[in-house]
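Student: Show me the folded form of this:
(3 chains)
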Amino acid sequence: MKLNKNQKIASESSNKICCVLAGPGTGKTLTITAKILHLLNEGINPDEIAAITFTQKAAVEMKQRVINSLQKKENLPFIGTFHLLCLRLLREFLPEKEKHFQICTRAKQREIISSLNEKNIDKIIEKITKFKNTNTPFDEKTLIVYEKYEEKKKELNLFDFDDLLLKTLQLIKNKQIPPLFSYIIVDEFQDINKIQYELIKGLLKKEGSLSIFGDPDQAIYSFRGSEIDLFLNLPKDFPDLTLINLSLNYRSQANIIEASNKFITANTKRFSKRIEPTKEKKSLITLFEVEDEYEEAKTIIKEIKSRLGATDFTELYENKEETQYSFLSFAVLTRTNNQLKIIKDFLAKEGIPVKTIIKDPESWTSSFIKKLTETMYSQSKKLISNIPLFEFLQSSNIYNGLTDTEISMLNNMAKTYHNGKLIEQIQAFIDELSGLTPFDLFPENLNAVSLLTLHSAKGLEFPIVFIAGFDEGLIPYTISNTDIEEERRLFYVGMTRAMDDLILIHAKQRFINGKKMSLSVSSFLKDIPEEYIKIKKVRSTQTGPKQKGLF
DNA sequence: GTGGAGCACTTTTTT
DNA sequence: AGTGCTCCAC
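Tutor: Predicted structure coming up:
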């Protein structure tokens, strides 16, 4: 494992509390992995170590790297989410008659709330989770619903996701759970809320050591209770804090790094830090000024095609030229999900494959499972029972009527079921389907252009990144967010996803919530110094949704 | 189970 | 001044 100087210092630090500032593309996961391996190498008992993340995806990635390095899966430290850690602690430390609860999933939450004759179910769930995480008070009506919801949950012996953390914290405060770990590592610390902060403090042994990894400039989740001040106040809370800055960026060409460095200094709530590029300057950021959202989509298509080496439609699909890019190289980022729809339709109409994150996997999978099961079961009867599921899928006509995303995901999952009778495989497979997360429905290796919101692009990287809707009102989203610094961090996250080219698009007019709006370019433009960006005005040829082809 | 009225319209994770 | 949803009547 090859580490740079500060990565090495961070991975070997044995200080009481160490905070590692890990800007975009600076090798955070590598360094955390190295730290875990270093501790194990020093002979620390794995049970003394906990590496905590916010998402499964981050946990899986980290765990996989540790497994690959150690060449073993047993006797590993805890590497997982806050929720998994709390679930395990509750199963271990709750009194016998309380510990056999089940998880109250989103679907179950909806069921409970709707049984109380409430509408706006998701709004209510949102308010409840906000209350549990930040103590945001209820209005009178929601308070009553909340009390009934809690009652019902108790009756059914269910804990919701927030309860997992809250109950654990309660047990810690009652001294029913002792400090358990000598080494706690926290990933993405900028996303932390008060409850998670208390949990960490309560689980760390008195002589233990705490390592914090994160980047305050990428804090974009205040709307769900994360508090950037918990990060920024660390030096005050811990006067003996060691700060280490991972400053070398291995992702983006120099122009993108220098522009984003300058851009983010417009914020005041931050630690002063700079990222140094390791790659050379390649090209300027491009800003396209176009007429409307249709011209925006057309610009994206044109730029994709020119980079794939195609001058017309047929060449592209005959794959005549070898180019350094494929559809996988491109991502289009927007502030809202709404904006992605029209882009998706335009790209799809051009035959450009796209993939998006499915917001509601529960309802998606339920219809998908329905669609699959009928065909699978009816066909499986006709087949010899011991062929692997993957081959069964390929030999059947299940793929008819599925999208590329669905097929790719299906194949990925089916490959993991090699053994057992066919019916059992199908049953196991369907069980697994119901546990899907949004990212499972976003197959990484599917050769398609990624369409994402700025939020869901965090942690990812692409050679070519478009940020569409670089309009005042959308970026920053002043339509309903007054926290401009958080909006600036969100755009900073977007900028720093790009490896080679960053392309911004501003449309002079577009429909927002049914209204045709005239928009000026984002006020964030003035925070990017002129020398890093070139502006191209695209004159409208013909516009409108009725038009058939683009070439 | 469906069609039309009424309504809301930012971002999202967690077994 | 568009879209997608939820609800309710049928």
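Student: Tell me where the model's unsure across chain A.
Tutor: Applying pLDDT under 70 to chain A flags the ranges A:117, A:310-322, A:358-406, A:408-410, A:412-420, A:422-430, A:432-443, A:540-551.
Student: Now chain A against DNA strand C: closest residue?
Tutor: A:Gly514 (2.5 Å; CB to the nearest atom of the strand). C-beta coordinates here come from the backbone N, C-alpha and C atoms, glycine included.
Student: now that residue: how far from A:Glu296?
Tutor: Plainly put, A:Gly514 is 18 Å away from A:Glu296 if you go by CB to CB, to the nearest Å.
Student: Can you give me the neighbour number for A:Lys141?
Tutor: 10 (other CB atoms under 10 Å).
Student: Now the element after the helix or strand encompassing it, going C-ward?
Tutor: Secondary structure from DSSP states H and E places A:Lys141 in helix A:140-155. For helix A:140-155, the following helix or strand on the C-terminal side (DSSP H and E) is strand A:158-160.
Student: Identify the neighbouring strands of that next one in the sheet and state each direction.
Tutor: Next to strand A:158-160 in the sheet, as set by DSSP bridges, lie strand A:102-104 (parallel).
Student: ok so, going back, which of A:Gly514 and A:Glu296 has more neighbours?
Tutor: Higher neighbour count among A:Gly514 and A:Glu296: A:Glu296, with 28 against 5, using other CB under 10 Å.
Student: quick one: that one and A:Lys508 touch, right?
Tutor: No - using CB atoms under 8 Å as the test, A:Glu296 is too far from A:Lys508 to be in contact (10.1 Å).
Student: what touches both of the two?
Tutor: A:Val290 (CB atoms under 8 Å, 6 or more residues apart in numbering).
Student: so what does the helix holding A:Lys141 touch, helix or strand wise?
Tutor: Judged by 3 or more CB pairs under 8 Å, 6 or more residues apart in numbering; DSSP states H and E, helix A:140-155 is in contact with helix A:106-115, helix A:121-134.
Student: got the angle for that helix vs helix A:121-134?
Tutor: Between helix A:140-155 and helix A:121-134, the angle comes out at 80 degrees (axes from the mean of the first three to the mean of the last three CA atoms, to 10 degrees).
Student: would CSV of the helices and strands packed on helix A:140-155 with distance to DNA strand B be doable?
Tutor: Putting these into CSV (distance: least, CB to the nearest atom of the strand, whole Å) gives the following:
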stretch, distance to DNA strand B
helix A:106-115, 5
helix A:121-134, 6
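Student: got these as a markdown table, with mean neighbour count and distance to DNA strand C columns?
Tutor: Converted to a markdown table, the helices and strands packed on helix A:140-155 look like this (neighbours: other CB atoms under 10 Å; distance: least, CB to the nearest atom of the strand, whole Å):
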| stretch | mean neighbour count | distance to DNA strand C |
| --- | --- | --- |
| helix A:106-115 | 16 | 6 |
| helix A:121-134 | 17 | 6 |
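Student: Same list, the ones you listed, but as JSON lines with distance to A:Ser518 please.
Tutor: Shown next, in JSON lines, are those (distance: least, CB to CB, whole Å):
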{"stretch": "helix A:106-115", "distance to A:Ser518": "39"}
{"stretch": "helix A:121-134", "distance to A:Ser518": "31"}
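Student: A:Phe116 and DNA strand B, how far apart?
Tutor: Residue A:116: Leu, not Phe. A:Leu116 is 18 Å from DNA strand B, where distance means CB to the nearest atom of the strand, to the nearest Å.
Student: just checking, A:Ala219 touches A:Asp191?
Tutor: Yes - counting by CB under 8 Å, A:Ala219 does reach A:Asp191; the two are 6.8 Å apart.
Student: Give me the common contacts of the two.
Tutor: A:Ser226.
Student: Could you pick out the residues of chain A near DNA strand C for me?
Tutor: Within chain A, the residues that sit near DNA strand C (CB under 7 Å from any atom of the strand) are A:114, A:119, A:121, A:341, A:511, A:513-516.
Student: Swap in 6 Å and give it another go.
Tutor: By CB under 6 Å from any atom of the strand, the residues of chain A that approach DNA strand C are A:119, A:341, A:511, A:513-516.
Student: Which single one of these is nearest to A:Asn6?
Tutor: Each of the residues of chain A next to DNA strand C was scored against A:Asn6 by CB to CB, and A:Lys341 proved nearest at 42.7 Å.
Student: Just the element for the closest one, please.
Tutor: Counting by DSSP H and E, A:Lys341 is part of helix A:337-349.
Student: Does the helix or strand containing A:Phe511 reach DNA strand B?
Tutor: According to DSSP H and E, A:Phe511 maps onto strand A:509-512. No - figure legend: strand A:509-512 not in contact with DNA strand B (CB under 6 Å from any atom of the strand); closest approach 8.3 Å.
Student: swap in stretch A:85-100?
Tutor: Yes - residues of stretch A:85-100 contacting DNA strand B under CB under 6 Å from any atom of the strand: A:Leu87.
Student: now the angle between helix A:106-115 and the helix holding A:Lys141, please.
Tutor: 120 degrees.
Student: List the buried residues for helix A:140-155?
Tutor: A:142, A:145-146, A:149, A:152-153 (16 or more other CB atoms under 10 Å).
Student: for the residue lying closest to A:Ile113 once chain neighbours are set aside, what are its contacts?
Tutor: What sits nearest to A:Ile113 in space, not counting adjacent residues and going by CB to CB, 6 or more residues apart in numbering, is A:Ile121, at 4.8 Å. Neighbouring residues of A:Ile121 by CB under 8 Å, 6+ apart: A:110, A:113-114.
Student: Restricting to C-alpha, output stretch A:209-218 in PDB.
Tutor: C-alpha atoms of stretch A:209-218 as PDB (Å, rounded to 0.1, in the frame of the first residue of the first chain):
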ATOM      1  CA  SER A 209      -8.100   7.000  20.600                       C
ATOM      2  CA  LEU A 210     -10.500   8.700  18.200                       C
ATOM      3  CA  SER A 211      -9.800   9.200  14.500                       C
ATOM      4  CA  ILE A 212     -12.000  11.500  12.500                       C
ATOM      5  CA  PHE A 213     -12.000  11.700   8.700                       C
ATOM      6  CA  GLY A 214     -14.000  14.100   6.600                       C
ATOM      7  CA  ASP A 215     -14.200  17.400   4.800                       C
ATOM      8  CA  PRO A 216     -16.300  20.300   6.100                       C
ATOM      9  CA  ASP A 217     -16.400  21.700   2.600                       C
ATOM     10  CA  GLN A 218     -18.500  18.700   1.500                       C
END
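Student: how far does the helix or strand hosting A:Ile36 sit from the chain's center?
Tutor: Assessed by DSSP H and E, A:Ile36 sits inside helix A:28-41. From the chain centre to the centre of helix A:28-41 is a distance of 22 Å (CA atoms, centre = their mean, to the nearest Å).
Student: got it, and stretch A:65-77?
Tutor: The chain centroid and the centroid of stretch A:65-77 are separated by 24 Å, computed with CA atoms, centre = their mean.
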